[in-house]
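*Asks:* 3D model of this:
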Amino acid sequence: MKQFVFLISTGCKTREHFVEATGMTDAINRVKMLSDELKDQSQGDVKIKFKGVIY
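*Replies:* From the prediction side, this is the model:
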């Protein structure tokens, strides 16, 4: 499995999230679920950027 690195910004802070997944599609689906949770908590805009892959 690979680790995909995403930057998730919630307006006031930006954090790096490492997602372990078999492929890019799986990683994006997991990050979307995470961003939906963050949207519910912060009630603000959540921006996602792909940073890279760790093999």
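*Asks:* strands of this protein, start to end?
*Replies:* Secondary structure of the chain by DSSP state E: the strands cover 2-9, 14-21, 47-54.
*Asks:* those: which one's closest to Gln41?
*Replies:* Comparison of the strands of the chain against Gln41 by CB to CB identifies strand 2-9 as nearest, at 12.1 Å. All C-beta atoms are positioned from the backbone trio N, CA, C, and that covers glycine.
*Asks:* report the buried residues of the closest one.
*Replies:* Phe4, Phe6, Ile8 (16 or more other CB atoms under 10 Å).
*Asks:* and of those residues, the nearest to Phe50?
*Replies:* Phe6 (5.9 Å).
*Asks:* against Val19, how distant is the nearest residue to Phe50 once chain neighbours are set aside?
*Replies:* In space, and not counting its chain neighbours, Phe50 is closest to Phe6: 5.9 Å by CB to CB, 6 or more residues apart in numbering. From Phe6 over to Val19 the distance is 7 Å, taken as CB to CB, to the nearest Å.
*Asks:* any shared contact partners between the two?
*Replies:* Contact criterion CB atoms under 8 Å, 6 or more residues apart in numbering; residues shared by Phe6 and Val19: Ala27, Val31.
*Asks:* which regions of the protein sit below the pLDDT cut-off?
*Replies:* Under the criterion pLDDT under 70, no range of the chain is flagged.
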